[in-house]
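# Pasted the sequence and its predicted model underneath.
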Amino acid sequence: MSMEAFDHLLVSLHPDLSFQDTSMRRCICPEQMLIVTLRFLATENSLASLHFEFLLGISTISGIVCHTCKVIWQRLREAVMPTPKAEDWLRISEGFYQSAQFPNCIGALDGKHIRVKNLPHSGSRYFNYKQYFSVVLMVLADSNYKFVIVDIGAYGSTSDSRIFSASRMGERLQTNQLALPEPSRLPGSAGPPAPFVIVAT
């Protein structure tokens, strides 16, 4: 990450990463909180490794990473992943038609298992068919592999179809709240208009 990109990100996040010093302790500055979090996300180093690297307590680092990730999502979600509008769906559909000759397609859907340590008292809910513990990242992507909608945190033992049905994305699709465009005729066809579709593996 360039210094310019870091500074731009820091300016966006600074208000929510700033805390008041007290007589008991001095707060960790927003710059260090962001550096620790970016280091954790970029390297996948353990908290113990970051403890020696930054000379901060393991529980402190854990709290910093959790808080900073929440702030990043809250502050940047609308800028990086805005709620799609009808014109966005049409642009995505055009991209699929240009790259794969697949008309009326508004996205490709799939789930990715993210390995985690099993949480206490969670039983086998996080244990997936690949024989390890995970949470599921479900993504709807456009023809350029750019994420359009994400759902994060489903149990690893849950099937993709159940995750999609229970997700906010699935619920909004079923209740016609995704602002999908009206059905349109397929290219070169004189038949009735065809609905827009999602492809999934």
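Noted; the coordinates are in hand.
# what about the residue most central in space within the chain, which helix or strand?
Nearest to the mean C-alpha position of the chain, counting by C-alpha atoms, centre = their mean, stands Val150 at 4.8 Å. Per DSSP states H and E: Val150 is located in strand 147-155.
# Now do the buried residues in that strand.
For strand 147-155, a neighbour-count test (16 or more other C-beta atoms under 10 Å) marks 148-149, 151, 154-155 as buried. To be clear about C-beta, it is placed using only N, CA and C from the backbone, and glycine gets the same treatment.
# again with stretch 155-170
For stretch 155-170, a neighbour-count test (16+ other C-beta under 10 Å) marks 155-158, 163-164, 167, 169-170 as buried.
# These: which two are farthest apart?
Ser157 and Met169 (19.9 Å; C-beta to C-beta).
# Can you show me the strands along this protein?
105-115, 134-141, 147-155, 197-200 (DSSP state E).
# Out of those, which is closest to Val71?
So among the strands of the chain, strand 147-155 is nearest, using C-beta to C-beta, at 16.0 Å.
# correct me, but Leu38 touches Leu13?
No: Leu38 is beyond contact range of Leu13, at 11.0 Å (criterion: C-beta atoms under 8 Å).
# out of the two, which sits in the more crowded spot?
Leu13 (20 against 16; other C-beta atoms under 10 Å).
# Any idea how many residues pack against the spatially closest residue to that one that is not a sequence neighbour?
Counting by C-beta to C-beta, 6 or more residues apart in numbering, Val71 is the residue found nearest to Leu13 once chain neighbours are left out, at 5.4 Å. Using other C-beta under 10 Å, Val71 has 20 other residues around it.
# Next, find the distance separating Val71 from Phe19.
Val71 sits 12 Å away from Phe19, going by C-beta to C-beta, to the nearest Å.
# got it, and Arg26?
10 Å.
# ok, these two, which is more surrounded?
Phe19 (14 against 9).
# between the longest helix seen in the chain and strand 147-155, how many degrees?
As assigned by DSSP state H, the longest helix anywhere in the chain is helix 58-80. Compare the direction of helix 58-80 with that of strand 147-155 by axes from the mean of the first three to the mean of the last three C-alpha atoms, to 10 degrees and you get 150 degrees.
# could you give me the average pLDDT of helix 58-80?
Mean pLDDT, helix 58-80: 90.
# other SSEs contacting that helix?
helix 3-17, helix 30-43, helix 47-54 (3 or more C-beta pairs under 8 Å, 6 or more residues apart in numbering; DSSP states H and E).
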